[in-house]
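> Following is a predicted model, sequence given first.
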Amino acid sequence: MNIHGLKGGRHKSFSLTPSKVAMEHAQEVDHTFYSAHSFHHMLRIERKRAERSKKPFLMMLLDLSGLHTRHRNSHILEKIRSALASCTRETDIRGWYERNKTVGAIFTEMASIDESSVEIVFRKLHSAFAEVLDPEWIKEIKISFHIFPEENGNSAITDGLFNIALYPDLSKPSISRQATSSIKKLMDITGALSALVLFSPIFLIIAAAIKLTSDGPVFFKQERMGLNGKIFTFLKFRSMYTDTDHRRHKDYITKFIGEGKDNGATPGVYKLTNDPRITPIGGFLRKTSLDELPQFINVLKGEMSLVGPRPPIPYECELYDIWHRRRLLSVKPGITGLWQVSGRSSTAFNEMVRLDLRYINGWSLWLDIKLLLKTPLVILTGKGAY
């Protein structure tokens, strides 16, 4: 029986002398075992509970696919379920993570989680299995452990900030949502291509204006976090002088994300007023949002969408509370979104996150169309822009 370690996908094996497990009391143990759909629902609830309580939980997955088909009959599965129930608490959650293939157990509201606590869980489970299963069968069961909230995305099955194993309800959308997602992707490609052709003369004018008014490149490139926290290169027309000190913005963001405290941050998400780093043409580009036009290239590359949450800078995510990070899940970041048409840079940080989450939870193609139609008016009126 192999254990999938907590850090960087490190594998670790234990050779143990089985100890007695009180299986004679199995009847007194809660044998509640959820279906895959219900287990995913309970996992979603535990994520929300952990966000509020700040107490982590540990999810253990038992991959049974290595067992031969003849060994995965109802009798053997019942023994596995019984052994699992004997070494978990009444408040823990057990069920199918993936039906007839992977069993899951969620150890809820743990005070802390480290390698020693995981090893204790593993030893208890190994001892319970040794009482009821053939040793050769035990060797074929693969175990992995997953902590919520993730620690810097440090897992073998993560592509960015998030461990996808903790979000099966989001990583496997329904057939209807997959279909509408395909239409959204088609809208993105068509819209981005049309915009790049339509605005190509403006691209040339802006590029010339930037070159004539300051030294440096036409485009500003910056690392941003996309879907599931994956890093990509974000494009804008350069509105600042080159070689400027970006620590000022980082210091401002640190103050701004401070949950409405009197910390010197004025209303304005991620933007500083009267910023001396901005070039003569840069202020106009920002006010009119023309600096955002190169993001259609990001959309065409599949890194962004026309509509979605704003893509954050990596150092912003280091300041996020647990619930803030959910805005990076499920959908790609967008050029425009619900918060942009609701106030743009005058929206407070927590309210911006709530608007992003509202968009994610209530997403539909019609919502995207409405937001796209509202965006030009917001840009023309300059509402919330600095």
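That came in fine, so what should we check first?

> Check the offset of stretch 216-224 from the chain's centre.
25 Å (C-alpha atoms, centre = their mean, to the nearest Å).

> Other residues contacting that stretch?
206-207, 210-211, 231-242, 291, 294, 311-314, 333 (C-beta atoms under 8 Å, 6 or more residues apart in numbering). C-beta here means a position set from N, CA and C on the backbone, and glycine is covered the same way.

> And the strands in the protein?
Listed in chain order, the strands of the chain (DSSP state E) span 2-4, 11-13, 57-63, 93-98, 102-107, 142-148, 219-225, 231-237, 305-307, 334-336.

> Around Leu193, count how many other residues there are.
Neighbour count of Leu193, defined by other C-beta atoms under 10 Å: 13.

> That should have said Asp243, apologies.
8.

> what does Ser82 give?
18.

> Setting aside sequence neighbours, what's the nearest residue to Asn107?
Let me fix one detail, which is that residue 107 is Phe and not Asn. Leu58 (4.3 Å; C-beta to C-beta, 6 or more residues apart in numbering).

> Kindly export the top helix by length along the chain (C-alpha atoms) in PDB.
For the chain, the helix with the greatest residue count under DSSP state H is helix 175-198. Taking only C-alpha atoms (Å, rounded to 0.1, in the frame of the first residue of the first chain), the coordinates of helix 175-198 have been written out as PDB:
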ATOM      1  CA  ILE A 175     -22.900  18.100 -20.200                       C
ATOM      2  CA  SER A 176     -25.100  21.200 -20.600                       C
ATOM      3  CA  ARG A 177     -22.400  23.400 -19.100                       C
ATOM      4  CA  GLN A 178     -19.800  21.900 -21.300                       C
ATOM      5  CA  ALA A 179     -21.900  22.700 -24.300                       C
ATOM      6  CA  THR A 180     -22.400  26.300 -23.300                       C
ATOM      7  CA  SER A 181     -18.700  26.600 -22.400                       C
ATOM      8  CA  SER A 182     -18.000  25.600 -26.000                       C
ATOM      9  CA  ILE A 183     -20.200  28.300 -27.300                       C
ATOM     10  CA  LYS A 184     -18.500  30.800 -24.900                       C
ATOM     11  CA  LYS A 185     -15.100  29.700 -26.300                       C
ATOM     12  CA  LEU A 186     -16.400  30.300 -29.900                       C
ATOM     13  CA  MET A 187     -17.700  33.700 -28.800                       C
ATOM     14  CA  ASP A 188     -14.300  34.500 -27.400                       C
ATOM     15  CA  ILE A 189     -12.400  33.600 -30.600                       C
ATOM     16  CA  THR A 190     -14.900  35.300 -32.900                       C
ATOM     17  CA  GLY A 191     -15.100  38.400 -30.700                       C
ATOM     18  CA  ALA A 192     -11.300  38.700 -30.300                       C
ATOM     19  CA  LEU A 193     -10.600  38.300 -34.000                       C
ATOM     20  CA  SER A 194     -13.300  40.800 -34.900                       C
ATOM     21  CA  ALA A 195     -12.000  43.300 -32.300                       C
ATOM     22  CA  LEU A 196      -8.300  43.000 -33.500                       C
ATOM     23  CA  VAL A 197      -9.400  43.600 -37.100                       C
ATOM     24  CA  LEU A 198     -11.700  46.500 -36.200                       C
END
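
> where among the strands of the chain is the average confidence lowest?
Across these, strand 11-13 has the smallest mean pLDDT, namely a mean of 37.

> Give the burial count for Lys142, as a bare number.
17.

> Please give me every residue in contact with the closest residue to it other than its chain neighbours.
In this structure, Lys142 finds its nearest non-sequential neighbour in Asp63, 4.1 Å apart by C-beta to C-beta, 6+ apart. Taking C-beta under 8 Å, 6+ apart, we find Asp63 in contact with 101-102, 141-144.

> from the residues you listed, which is closest to Leu371?
Thr102 (38.2 Å; C-beta to C-beta).

> is it true that Phe107 touches Met60?
Yes: checked against C-beta atoms under 8 Å, the pair Phe107 and Met60 is within contact range at 7.1 Å.

> Overlap in contacts, those two.
Shared contacts of Phe107 and Met60, counting by C-beta under 8 Å, 6+ apart, come down to Val121.

> out of the two, which sits in the more crowded spot?
Between Phe107 and Met60, Met60 has the larger neighbour count (other C-beta under 10 Å), namely 24 against 21.

> can I assume that one is in contact with Tyr97?
No: at 9.6 Å, Met60 does not count as touching Tyr97 under the criterion of C-beta under 8 Å.

> Now the common contact residues for those two.
The contact lists of Met60 and Tyr97 share Gly104, where a contact means C-beta under 8 Å, 6+ apart.

> packing partners for the longest helix of the chain?
helix 295-300, strand 305-307, helix 365-381 (3 or more C-beta pairs under 8 Å, 6 or more residues apart in numbering; DSSP states H and E).

> Please identify the most buried of the ones you listed.
strand 305-307 (a mean of 26; mean count of other C-beta atoms under 10 Å).

> Just give me the neighbour total for Asn163.
Asn163 has 22 nearby residues by other C-beta under 10 Å.

> Over to Ala348?
17.

> contacting residues for Asp114?
Applying C-beta under 8 Å, 6+ apart, no residues contact Asp114.

> now do Ile202
290, 293.

> Please determine how far it is located from Arg286.
15 Å (C-beta to C-beta, to the nearest Å).

> cool, Tyr167 as well?
35 Å.

> Compare the two and say which is more crowded by neighbours.
Arg286 (22 against 19).

> got the contact list for the residue nearest to that one when sequence neighbours are not counted?
Distance criterion C-beta to C-beta, 6+ apart; nearest residue to Arg286, sequence neighbours excluded, is Ser239 at 5.5 Å. Taking C-beta under 8 Å, 6+ apart, we find Ser239 in contact with 220, 278-279, 281-283, 285-286, 291.

> Show me just the buried residues among the residues you listed.
220, 278-279, 281-282, 285-286, 291 (16 or more other C-beta atoms under 10 Å).

> and of those residues, the nearest to Val378?
Closest to Val378, out of all of those and judged by C-beta to C-beta, is Arg286, at 13.9 Å.

> Low-confidence stretches in the stretch 251-386 of the chain?
259-274, 343-347, 382-386 (pLDDT under 70).

> Alright, that wraps it up for me.
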